[in-house]
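[1] Take this sequence and fold it.
(chains A and B)
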Amino acid sequence: MNRPLFFFIFLLLLPGLLLPTVFATGFTAEQIMERVDQTLSAAQDQEMRVKLVITDAKGNISQREMVMMQKGNDRRMVKFLAPPEQRGIAFLSLPGGLNYLYLPAYRQTRRIASHVRNQKFAGTDFTYEDMEARKYSVDWEAKLLGEEDGLYCLELIPKAKTNTDYGRLVVEVKADIFFPVKIEFFDKGNKPHKVMVQDKLEQINGYWVAREAEMKDLQAGTSSQMFFTEVKFDSGLADEIFTERYLAR
Amino acid sequence: MSKLAAQIIRKSRLVIVLVALITLFMGFSLRSLKINPDVLSYFPKNDPEIKLFKYLGEEYGGNSLAMIVLATEDIFNRETIATVHELTNRLRLDPGVAYVTSLTNTLDIRSDEYGFEIGRLVNEGNLPREPEELAKLKAYTLSKEMFRGNLVAEDATATLIICRLQNGEDQVETCRRLQEIVAEIGPVEEIYYGGIPFMILDLHHMITADLKILIPMVSLIIILFLYLAFQKWEGVFLPLLSVVISLIWTLGIMSLLQIELSIVSNVIPVVLIAVGSAYSIHVFSKFTEVDTEQRPFPARVHGLATAMQEVGTPVFLAALTTIAGFLSFIFGSYLVMIREFGIFAALGVLFALITAFTLVPAVFALKKGGSAPTDTTYKKGKTENTGLTSRLCTALERLVITRPKTILWVSILLTLIGLAGIPQISRRVDLIEYFQPQSLIRQAETILQEKFGGSGLIQILVEGDIQDPAVLQEMEKMEAFLLAQDDVHRTQSLVSLLKELNDVMGEGRALPDTRGKVTNLWFLLEGEEIMGQLVNPSRTEAVIQAMMEGSLETKRVHELVTSINEYIAGVDSELVTFHQTGMPTIYRNLDQSIISSQFQSLTLAVLLVFIVMLYMLRSLAGGLRGLIPIGFTLVLIFGFMGLSKIPLDIATVLVAGVSIGIGIDYSIHFLGRYHRELTKNQSVKSAVQTTISTTGQAILVNLLTVAFGFVVLIFSQLVPLQRFGILVAVTMFSSGFGALLLLPSILLLSSTGLKLRPHRSLEKNKNASLDG
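    Predicted structure coming up:
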């Protein structure tokens, strides 16, 4: 049940609500994170092409391409386009933890379980946890470390009930649009583990989105880049896309 | 020689200052001497199997497996699972660790009503706590081949945490840190550390402890024997000083050249102290022999210089043969560490010789000339001497004169017994042999063997199109073949993962039958940590791994390697090729190298010694006869090894070379003196008598010193070194027997005695040449 939550990544990485561009001052740490959560949670629907470039510790590069479609907050369909031998592999994620995988060579759909959070998603440096559509303001205790060059710098400590692999996060939020541009992940031994940077911010259909995201695993020496193209918001994706039947199409 | 000696004696102060300066410098550089007990690092870099082993280590996440066993009544209890979880997470953060595999992070593929899952066996976010959960986990884990006998013992009394160590990191340091991490967490379970890296860590401890204990012990023994022999403190002080200085020089040079002390070369101090003292003993005893009266300075210088000349040649030749014995390891040896031992032991002997020829005369010259007549010095004739060794010599002398035939028969009998023992020599090369039976690491190996099928890694490199189902099928067959071997367990490769996934996809526990299916399943595995240990990124290579019992007899190791290689040779090489490496291959190479080392170094040493004998005796028959004691000794040692079940291993392989080097000295000294006595127109009988009572005594002192010096190695924590010590002691006694009893008996029994054409340097009276 491994690969399941992977769709949630896009919530974190990609799209965002257009928020008042008023430069905000005087926010508390919690307020800032609530605004970030709002920014990141959902347009009506979204569709985009994603190119994944994965670099291993020795510098070997592998690439992958997929189409990602999302409706609301909890329905997602991902279809792989490349490399050729993986073309047609598809994932569907539905509300209630229902996740399905389609393997074209077997012409079979299998339900996959989904509770392993600290594993790498599709060979990238993103774990399922990183990709979850979690609400920062709910799971983390935020502390404002400073504000400089139009960036809020916050430290996030997991709340007691929060299930996470990390000991602490340091997040930089672009103050004018409440968009997180950099997250440093520290492990439970408080050693720097990973760094994620979101770049090429752009406004599409009024929503802020990063066209590039990179995650570096500082301990393993690997990195993963994601490039987002053909980004569309609110294009009215049909409900039938998010069905088991559509997986095999 | 006499000119040089006279110079040294005249400029004694300068010599002493020079020696002191060099010693200070070397002593200073000594501080950076390092210990490296990793046997693998001493294999020649161009050995294809070692290359392959290193390659796999670098490309597939390390092949040094540090294994930590947690043992308790039933490991499926809340605390143990939590401990394994905590250990796993802490250990994998260590920079020296590439991967950790344990019960709490191992990959598991399962399928149930909620769908299929490629995940972890244990949910890390929600460790099982309740008895029902634990019982369920136990039943499930033990039901799966992937875990049973791999990560959990079949009886659930032990679980294994495997740390793959990063290639290129200091593994001794890493292991030390791993133990610290475990100690910090302080598990209540019994903890065992096994596998090669932990063995090497223990060897490191043991070598350090050995150096601290053995050097003082062997020094003490030598002091004791020297005092017993000479009954004067000078006689103790000078040889010991000479040998300590040569030791400092040798280790100082090793340190300057950044050569690390290995599990073999750590014996150099003991060898040098035991062997190197002989030269100064001979020089010193000769000096005390001649320097008995008060004489004016020039006459005294002349007297000492003459003594130096007399004793110089045999001492020089003796050192030369010892050096030859050690150097014989350079050419015959496959293992770098044996070569290093040869080079530096030889260098140490050279330094001991140099100090015996410079420092000893220089210090001696500083004394006021002439010893008091009451001093019982070592060569004042048997009647005056009441020392232990002199009484022994008298007994030996009587025995040789009255019973030469009996001695000969006894020797023949001993030789026959020795010959009978030789075929029974066994060979051991595995590292576990280094540890005492009661040691913790042995206990760990026993548990690893009983519960987890061993700790010796076998690796097969697969070359081919790994996503081709036909290639995968060949891999599956290869694994089945490995598992069919008696001492091989726990295979691991892509095959079992793909089979599990194929099962989940509804096509049964078999390999996928099309390439498309393989690549689809591959997608699910990509990014899993374990993939980096099983296949390369371009999918042209894969690794099959298996575990072998850690302490197999060498013969069995050979069979295993051979049968695997035979199997590999029968595989269709158009499709796929296999290459074998890992511990059995390494052990086999080690064993072959030990045998060929033994053969080559023996041949070379005997040859070198023969040349020295020829040079010294100027007679073919004499040279051959001079080899008799050494031949006798060799038969006796190897026979002893066979009969006492001491195997030929990395350390005992050195014994033959060392014994030739040291043992032949006795014959050289004996024949040298005998020859000089003979040229003084003595009869064979009286020449033999004089030789035994004079040189014989020096030989005896040396023999006892060396023998007991080496016996100290019994206190070594390293088993091969204990055996090495025992064997050298046996060697000393048998070459002493050869030189002091057998050789004179032969001389007496052969009608003419040993006909000698004297060598100029040995000749005191040129007119008295016997065969002239």
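
[2] Let me know the distance separating the residue in chain B sticking out farthest from the centre from A:R111.
    Most distant residue from the mean C-alpha position of chain B: B:E113, 59.1 Å away (Cα atoms, centre = their mean). Counting by Cβ to Cβ, to the nearest Å, the gap from B:E113 to A:R111 is 9 Å. (C-beta placed from N, C-alpha, C; glycine too.)

[3] Show the contacting residues for B:T23.
    Residues counted as contacts of B:T23 (Cβ atoms under 8 Å, 6 or more residues apart in numbering or on different chains) are B:245, B:248-249.

[4] rerun at 6 Å
    The contact partners of B:T23, taken as Cβ atoms under 6 Å, 6 or more residues apart in numbering or on different chains, are B:245, B:248.

[5] Could you grab the helix/strand/coil label for it?
    Secondary structure, DSSP: H, G, I helix; E, B strand; the rest coil: B:T23 is helix.

[6] How about the residues of chain B by chain A?
    Within reach of chain A by Cβ under 6 Å from any Cβ of the partner chain, chain B has these residues: B:93, B:114-120, B:125, B:505, B:516-517, B:519-520, B:523, B:526-527, B:537.

[7] so where's the chain shaky on pLDDT?
    In the absence of a named chain, chain A is used. Residue ranges of chain A with pLDDT under 70: A:1-25, A:41-42, A:73, A:96-97, A:113-122, A:128-129, A:131-134.

[8] The intended chain is chain B.
    Checking chain B against pLDDT under 70 turns up B:1-2, B:114-115, B:125, B:291-297, B:332-333, B:368-387, B:751-772.

[9] in chain A, which spans are strands?
    Ranges of strands in chain A, per DSSP state E, are A:45-55, A:61-71, A:75-82, A:90-94, A:98-103, A:108-112, A:140-148, A:151-158, A:168-174, A:179-186, A:192-204, A:207-217, A:222-233.

[10] can I get the ones you listed in CSV with distance to chain B and mean neighbour count?
    Formatted as CSV, the strands of chain A follow (distance: least, Cβ to the nearest Cβ, whole Å; neighbours: other Cβ atoms under 10 Å in any protein chain shown):
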stretch, distance to chain B, mean neighbour count
strand A:45-55, 8, 19
strand A:61-71, 7, 18
strand A:75-82, 8, 20
strand A:90-94, 10, 22
strand A:98-103, 4, 22
strand A:108-112, 3, 19
strand A:140-148, 16, 15
strand A:151-158, 12, 19
strand A:168-174, 15, 21
strand A:179-186, 12, 20
strand A:192-204, 9, 17
strand A:207-217, 11, 20
strand A:222-233, 10, 19
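
[11] domains in chain B, as residue ranges please.
    B:1-32+B:231-372, B:61-201, B:384-424+B:618-772, B:440-588 (automatic domain parsing).

[12] got the contact list for B:I68?
    Here B:I68 is in contact with B:161, B:193 (Cβ under 6 Å, 6+ apart).

[13] My reading is that it is in a helix; is that accurate?
    No. Per three-state DSSP, B:I68 lies outside any helix segment and is strand.

[14] so what's it bridging to?
    B:I161, B:Y193 (DSSP bridges).

[15] dump the residue contacts of the residue farthest from the centre of chain B.
    Per Cβ under 6 Å, 6+ apart, neighbours of B:E113: none.

[16] and the gap between it and B:S262?
    The value you get for B:E113 to B:S262, if Cβ to Cβ is used, is 59 Å.

[17] ok, now A:V195?
    Applying Cβ to Cβ to A:V195 and B:S262 gives a distance of 43 Å.

[18] ditto for A:V197
    From A:V197 across to B:S262, the span is 48 Å (Cβ to Cβ).

[19] Next: A:T162.
    Per Cβ to Cβ, A:T162 is found 52 Å from B:S262.

[20] again, but for B:G57
    Distance, B:G57 to B:S262, by Cβ to Cβ: 20 Å.

[21] can you map out the helices along the stretch 651-772 of chain B?
    B:653-679, B:684-693, B:695-711, B:719-737, B:743-749 (DSSP state H, counting those that start in this stretch).

[22] Export those to CSV and append columns for mean neighbour count and distance to B:V488.
    As requested, the helices of the stretch 651-772 of chain B are arranged in CSV below (neighbours: other Cβ atoms under 10 Å in any protein chain shown; distance: least, Cβ to Cβ, whole Å):
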stretch, mean neighbour count, distance to B:V488
helix B:653-679, 27, 28
helix B:684-693, 22, 60
helix B:695-711, 26, 39
helix B:719-737, 24, 26
helix B:743-749, 22, 53
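
[23] Relative to A:G72, which of these is closest?
    helix B:719-737 (70.7 Å; Cβ to Cβ).

[24] which helices and strands does that closest one pack with?
    On a contact count with 3 or more Cβ pairs under 6 Å, 6 or more residues apart in numbering or on different chains; DSSP states H and E, helix B:719-737 meets helix B:620-643, helix B:653-679, helix B:695-711.

[25] Can I get it as CSV, trimmed to CA atoms?
    Extracted in CSV, the C-alpha atoms of helix B:719-737 (Å, rounded to 0.1, in the frame of the first residue of the first chain):
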residue,chain,number,x,y,z
VAL,B,719,44.5,-17.9,18.3
PRO,B,720,46.8,-18.1,15.3
LEU,B,721,49.4,-16.2,17.2
GLN,B,722,49.1,-18.6,20.1
ARG,B,723,49.8,-21.4,17.7
PHE,B,724,52.5,-19.5,16.0
GLY,B,725,54.2,-19.1,19.4
ILE,B,726,54.0,-22.8,20.2
LEU,B,727,55.3,-23.8,16.8
VAL,B,728,58.3,-21.4,17.0
ALA,B,729,59.1,-22.8,20.4
VAL,B,730,58.9,-26.3,19.0
THR,B,731,61.1,-25.1,16.2
MET,B,732,63.7,-23.7,18.5
PHE,B,733,64.0,-27.0,20.4
SER,B,734,64.1,-29.1,17.3
SER,B,735,66.7,-26.9,15.6
GLY,B,736,68.6,-26.9,18.8
PHE,B,737,68.4,-30.6,18.9
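
[26] Report the buried residues of the longest helix along chain A.
    Counting by DSSP state H, the longest helix found in chain A is helix A:29-40. With burial defined by 16 or more other Cβ atoms under 10 Å in any protein chain shown, the residues of helix A:29-40 counted as buried are A:29-30, A:32-37, A:39-40.
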